[in-house]
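[1] sequence first, predicted model second:
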2 protein chains.
Amino acid sequence: MRIVVLAGGIGGARFLRGLMSAAPDADITVIGNTGDDIHLFGLKVCPDLDTVMYTLGGGIHEEQGWGRPDETFTVKEELAAYGVGPEWFGLGDRDFATHIVRTQMIGAGYPLSAVTEALCARWQPGVRLLPMTDDRVETHVLIDDPDGEGRKAVHFQEYWVRLRASVPAHAVVPVGADQAKPAPGVLEAIADADVVLFPPSNPVVSVGTILAVPGVREAIADAGVPVVGLSPIVGDAPVRGMADKVLAAVGVESTAAAVAKHYGSGLLDGWLVDTVDAGTVGEVEAAGIRCRAIPLMMTDLKATVAMAAEALALAEEVRG
Amino acid sequence: MRIVVLAGGIGGARFLRGLMSAAPDADITVIGNTGDDIHLFGLKVCPDLDTVMYTLGGGIHEEQGWGRPDETFTVKEELAAYGVGPEWFGLGDRDFATHIVRTQMIGAGYPLSAVTEALCARWQPGVRLLPMTDDRVETHVLIDDPDGEGRKAVHFQEYWVRLRASVPAHAVVPVGADQAKPAPGVLEAIADADVVLFPPSNPVVSVGTILAVPGVREAIADAGVPVVGLSPIVGDAPVRGMADKVLAAVGVESTAAAVAKHYGSGLLDGWLVDTVDAGTVGEVEAAGIRCRAIPLMMTDLKATVAMAAEALALAEEVRG
């Protein structure tokens, strides 16, 4: 079975670990969000791709969900001693090496997809990890200008990490997405897929950004295979992260049903909501999307495997 | 008193420390060798400039003579885990930060001289540290090709650090030097100097490379001020490093007198040799260069201060 997964960072990576256990023989292609990539200290940092790579490759800081375990921060401290920031982005010494290798390869002319493949040669994540695009896409968030009357756009990482999403987001713009081309292999993987899954990743800044790359949404809709998603919202709150903040920016309620309808029945065939949201199953199904309520908390690998298995079962159900 | 010093790495840096104590009120401009600069991991590394900066700024690994103290090597180990080398060049985590800042600034369009000034804002070396040029100059060494019949040119660092100068050097070529322009301030500092000093640095790959930048040798000769050097050769051997190997490549004997004559009386007014080489004083003076024999081992700061004081005294003597 060929499975394509559109993944953001921590939620996507953890779901993938469950999926690989639920379908050990599946051929899994991960299309990773690169809209939260950022240049720091002259180095290209790809937080979502790295989180997937480290998580599936056994190199993730498990409790934290991102970055490497047993990190030291010597390089960052020395950069700060030079007055060079930002200090709000956590880059450990081990992690720095990844960005140095990536930046060196990009400087040598390799596209991000080739660089990602080279990095994965070390990590052996067990999936094929593709960036959504080799082109530069940067998710910006429109906020009130703290220094003035108007509004200003800040890089997603500044909004998310530095400001902790503590100020209202008026708009979320994947700058450059409209000119981006899907990375080599992305459209082919979708066309060849037997099922497409949306993990409980952020529907706006993770899955939404991937879908904003021209051709990706259309390829999924045209693939003629089941497309099943898992709600990142449980009850009225995101399972983790701050998805509610950016959902508000795109005018979508923070409910499992609203997110399903935001994706829409033109894209989504099946949707899993948490048991606490069982009452919304009817609303989702009325929108033309098959829906089941199951436990959606990725508390451990066993729970995550069960979620992935339910997603695959729902895919078979809608395949009919 | 305005003093200009042409400096390589360890020898130059240690001499400078002595000079600053010997002439605490002097205005010292250091013209640093950049011919041994190298790009590693996509980062611009300037070993000689950094050795001067760290040494005078209190950030040097004292025993080693280069690099930072209390170093860790996490980044380098991680790069090796990606299969990315070279492993033979010692870059610690603290040191990496310097190269990251430098590379970021150069990528942003700043010339090396401006970058060096910015780095020195942290280290406060107490001298004005100028790279010899903002242009790219790379010292290459011609060796027998270990894989074939012919010869091949390798980067100086590969010859010096990886091969430990263990193979014959047939030629030393400062690639790019003939097209390089002195960095801003270099010619002005020389023209304004009251004395120019050559520390006991490598006469071929350190001082020689600086002199290879068009205009520098002429500016020193035209300055009309005393130019005094200290022999890096004591007895028949370099005080440290492997200067004898590269002297052979340029056809110069490894003796204090031969190095003096290599610089020549058109450039050099005074020359200090070690007391063990007192017998060569006459030979140097016969070549038109005032010469004194004094202890030349920089065993501690006191000995180094005495050397610097003798160099300044000899400068006054030749000034007449």
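    Arrived safely, thanks for sending. Residues are numbered from 1 along each chain as shown, chains lettered A, B, ... in the order given.
[2] give me the contact list for the helix or strand of chain A with the lowest mean pLDDT.
    Here the helix or strand of chain A ranked lowest by mean pLDDT, DSSP states H and E is strand A:237-238, holding a mean of 80. With contacts defined as C-beta atoms under 8 Å, 6 or more residues apart in numbering or on different chains, strand A:237-238 is touched by A:Asn202, A:Pro232, A:Asp244, A:Ser254. The C-beta positions use only the backbone N, C-alpha and C, and glycine is treated the same way.
[3] from those residues, pick the one nearest B:Gly90.
    The shortest approach to B:Gly90 among these belongs to A:Asn202, at 42.3 Å (C-beta to C-beta).
[4] let me see the contact set for the residue in the stretch 151-300 of chain A positioned nearest to chain B.
    Going by C-beta to the nearest C-beta, chain B is nearest to A:His155 of the stretch 151-300 of chain A, at 16.7 Å. If you count contacts by C-beta under 8 Å, 6+ apart, A:His155 has them with A:Ile38, A:Glu138, A:Thr139, A:His140, A:Val141.
[5] report the lowest-confidence entry in the contacts of strand A:237-238.
    pLDDT across these is lowest for A:Asp244, at 85.
[6] report how many residues lie close to the residue lying closest to that residue once chain neighbours are set aside.
    Distance criterion C-beta to C-beta, 6 or more residues apart in numbering or on different chains; nearest residue to A:Asp244, sequence neighbours excluded, is A:Ser254 at 3.9 Å. Look at A:Ser254: counted by other C-beta atoms under 10 Å in any protein chain shown, it has 18 neighbours.
[7] surely A:Ser254 forms part of a strand?
    No: counting by DSSP: H, G, I helix; E, B strand; the rest coil, A:Ser254 falls outside a strand, being coil.
[8] what are the phi and psi angles of it?
    With angles defined as degrees, to the nearest 10, A:Ser254 sits at phi -90, psi 70.
[9] please name the residues that touch it.
    Contacts of A:Ser254 (C-beta under 8 Å, 6+ apart): A:Ile233, A:Asp236, A:Ala237, A:Pro238, A:Ala243, A:Asp244, A:Leu247, A:Ala248.
[10] could you do A:His61 as well?
    Going by C-beta under 8 Å, 6+ apart, the list of residues near A:His61 reads A:Tyr54, A:Gly67, A:Arg68, A:Pro69, A:Glu71.
[11] flag every buried residue along whatever helix or strand A:Ala313 lives in.
    Here A:Ala313 sits within helix A:301-319, counting by DSSP states H and E. Across helix A:301-319, burial judged by 16 or more other C-beta atoms under 10 Å in any protein chain shown covers A:Thr304, A:Val305, A:Ala306, A:Met307, A:Ala308, A:Ala309, A:Glu310, A:Ala311, A:Leu312, A:Leu314, A:Ala315, A:Val318.
[12] over to stretch A:22-42?
    A:22-23, A:26, A:28-38, A:40-42.
[13] chain B next: which of those are close?
    Residues shared between the buried residues of stretch A:22-42 and the neighbourhood of chain B are A:Phe41, A:Gly42 [C-beta under 8 Å from any C-beta of the partner chain].
[14] ok so, going back, just the ones of the contacts of A:His155 in strands?
    A:Ile38, A:Glu138, A:Thr139, A:His140, A:Val141 (DSSP state E).
[15] just the buried residues out of these, in PyMOL syntax.
    Command for PyMOL that selects the buried part of the ones in strands among the contacts of A:His155, burial taken from 16+ other C-beta under 10 Å:
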select buried, chain A and resi 38+138+139+140+141
